[in-house]
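Asker: Test case, fold it:
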Amino acid sequence: MKLSSRNKLVLIISGLVLSAGAAGILFSWLTLHITSITADLEAIESKLAILEYERNNIRQIEDSLEEKKPLVTRFHTILVDHNRPIAFLESLTELGKTTGNKITLDYSEQESNQESLVFRLTIEGSASSTAKYLKLLELMPYAITVEHINWQSLAQNSGEQTADTRMLITIRVRSKL
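Answerer: Numbers count the residues shown, from 1 in each chain. This next block holds a predicted model:
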């Protein structure tokens, strides 16, 4: 079968039109996918920028916590171990020995709670030594609150050397579990 030149021309043009149509469809398909990929990349870049911002914030928080670590450590050292207050109690009695006072300690279970321990102290000695005890009590490296003070002057017995002052103190010391 012989094709005339006109039929050949129609076939060639038809082939070119089909090829151009196929190329157009392929081009539009590629354009849509490239646009979609571009949008996905922009979304990923946006998420990466958010993650970088959050990472910087976390670094700042970590740096801030590192700066505050000595303060937190110091705070924990002023708290008395709730289950082991012996070191604190020994420091109270040692303070009495240092000032030359007789010390009596009483733990108040009803007033104590998970955050603090309450003790009643009876300090007997001279007026100056009991005052010195109170001043040194305030300087102790614990979170102590003096809740009540009762200062009593005792009568002197006939020439015997006894305490002339009694101080009754209720203290609350912050504790850690």
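Asker: Show me the domain layout of this structure.
Answerer: Domain assignment for the chain, taken from automatic domain parsing, gives 1-77, 80-176.
Asker: Any regions of the protein where pLDDT drops low?
Answerer: Scanning the chain for pLDDT under 70 picks out the ranges 1, 73-77, 155-163.
Asker: Confirm that Ile61 sits in a strand.
Answerer: No. Going by DSSP: H, G, I helix; E, B strand; the rest coil, the assignment for Ile61 is helix, not a strand.
Asker: count of neighbours near it?
Answerer: Residues within reach of Ile61, counting by other CB atoms under 10 Å, total 10. No exception for glycine: its C-beta is placed from N, CA and C like everyone else's.
Asker: hey, which of the domains of the chain is tucked in deepest?
Answerer: The highest mean neighbour count among the domains of the chain, using mean count of other CB atoms under 10 Å, belongs to domain 80-176: a mean of 15.
Asker: does Lys176 really touch Asp81, like I thought?
Answerer: Yes. Counting by CB atoms under 8 Å, Asp81 is a contact partner of Lys176 at 6.2 Å.
Asker: which strands and helices sit next to the longest strand seen in the chain?
Answerer: Criterion DSSP state E: the longest strand present in the chain is strand 165-176. On a contact count with 3 or more CB pairs under 8 Å, 6 or more residues apart in numbering; DSSP states H and E, strand 165-176 meets strand 80-81, strand 116-125, helix 127-139, strand 144-153.
Asker: after the first one, next one along is what?
Answerer: Past strand 80-81, further along toward the C-terminus, the next helix or strand under DSSP states H and E is helix 86-99.
Asker: elements contacting that next one?
Answerer: The contact analysis (3+ CB pairs under 8 Å, 6+ apart) places helix 86-99 against strand 80-81, strand 102-107, strand 116-125, helix 127-139.
Asker: so who does Leu71 touch?
Answerer: Going by CB atoms under 8 Å, 6 or more residues apart in numbering, Leu71 touches no other residue.
Asker: any idea which helix or strand carries it?
Answerer: Using DSSP H and E, Leu71 falls in helix 5-77.
Asker: and the angle for that helix with strand 165-176?
Answerer: Per axes from the mean of the first three to the mean of the last three CA atoms, to 10 degrees, the angle that helix 5-77 makes with strand 165-176 is 160 degrees.
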